[in-house]
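Q: Just a sequence and a predicted model for now, questions to come.
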Amino acid sequence: MEHDGHRHVVCTVTAGQDVRLWLRDGDGRVWGGFDRLEAALAARGERLVFAMNAGMYHADRAPVGLFIGEGGTEGRVVTAAGPGNFGMLPNGVFCVHEDGFAVVESRRFADNPPDCVGASQSGPMLVIEGAVHPRFIPGSPSRFVRNGVGVSADGTTAHFVISDRPISFHDFAGLFRDALETPQALYFDGNVSRLHAPGLARSDRGRQLGPLVGLVVAD
């Protein structure tokens, strides 16, 4: 998809599809990337349609905030402002429900935790109630390859997006607000952003990753 002169890859999923989050394998080892995960799924007769990094992480690749995925829950919801992009409030949590998806502002999530079968906290929010994050500056020179997720108003559709080239926060958020029309969208990361999409003959490498999100189908 092209928007305002910037090209992006958009992976769209709908309620009922098998969207999962991963961090560690059954032995507690961080997956770290796409190859081992894809091989493990294939051994169970499953196929990874696409996957991307799904939130910020520490040097040991543990999540900065809350993470819920295969293998259980790790970390906790962080509601305080802090340094870096994660702490640029409001930040949020991407949640996979049994019947759809949500991006929930972190403090609201902490006050009334929804029932998520998978979740990843990250920040900042890109779009909040249909408005671009107030701290994003039009024309900002800070540009990175970025990825994130936006959810439709009815919660039945989620768009996972990675920019083709470095882009500002403001321009990246504009794609979610104006082109994808998602009233809530969440930033996953920048610079480290990676996408695995076999249908596009693409599998980005060169970085050990923390939390991952992707779509799985029976093979």
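A: Now that the structure is in, tell me what you want to look at. Numbers count the residues shown, from 1 in each chain.

Q: any idea how far S106 is from V10?
A: Distance, V10 to S106, using CB to CB, to the nearest Å: 25 Å. (C-beta placed from N, C-alpha, C; glycine too.)

Q: Looking at these two, which is more packed in?
A: More neighbours surround S106 than the other of V10 and S106, with 24 against 14 (other CB atoms under 10 Å).

Q: How are the helices of this structure distributed by residue range?
A: Assigned by DSSP state H, the helices in the chain fall at 35-43, 106-111, 169-174.

Q: Tell me which residues are up against the longest one.
A: Helix 35-43 is contacted by residues W22, D25, W31, R47, L48, A51, H196, S203, L212, G214, V216, D219 when judged by CB atoms under 8 Å, 6 or more residues apart in numbering.

Q: Am I right that S140 is in contact with F169?
A: Yes - counting by CB atoms under 8 Å, S140 does reach F169; the two are 6.6 Å apart.

Q: Tell me which of the two has more neighbours.
A: F169 (25 against 12).

Q: Could I get the contacting residues of the more buried one?
A: P124, L126, H133, F136, I137, S140, S142, R146, Y187.

Q: List only those of those residues flagged as buried.
A: For the contacts of F169, a neighbour count by 16 or more other CB atoms under 10 Å gives the buried set as P124, L126, H133, F136, R146, Y187.

Q: The contacts of F169 in strands, which ones?
A: Residues from the contacts of F169 lying in strands, with DSSP state E as the criterion: L126, R146, Y187.

Q: For burial, what's the neighbour tally of the nearest residue in space to E2 that is not next to it in sequence?
A: Ranked by CB to CB, 6 or more residues apart in numbering and with sequence neighbours excluded, the top spatial neighbour of E2 is H8, at 7.6 Å. Neighbour count for H8, taken as other CB under 10 Å: 20.

Q: what's the pLDDT at H8?
A: pLDDT recorded at H8 is 98.

Q: Thought H8 was touching F160, still the case?
A: No - with contacts counted by CB under 8 Å, F160 stays clear of H8, the gap being 10.3 Å.

Q: before we move on, back to that, hmm, which of the contacts of helix 35-43 are the buried ones?
A: Here, 16+ other CB under 10 Å leaves W22, W31, L48, A51, H196, S203, L212, G214, V216 buried among these.

Q: Show the contacting residues for the first one.
A: Residues touching W22, when contacts are defined by CB under 8 Å, 6+ apart, comprise W31, L37, G69, E70, G71, P211, L212, V213, G214.

Q: Quick check: the farthest pair among those?
A: The distance between the two most remote of the contacts of W22 (CB to CB) is 14.7 Å, for G71 and G214.

Q: Show me the one of the helices of the chain that comes nearest A59.
A: Comparing the helices of the chain by CB to CB, helix 35-43 comes nearest, at 20.0 Å.

Q: From the chain's centroid, how far away is the closest one?
A: Relative to its chain's centre, helix 35-43 lies at 20 Å (CA atoms, centre = their mean, to the nearest Å).

Q: try stretch 185-194
A: Distance of stretch 185-194 from its chain centroid, counting by CA atoms, centre = their mean, is 7 Å.
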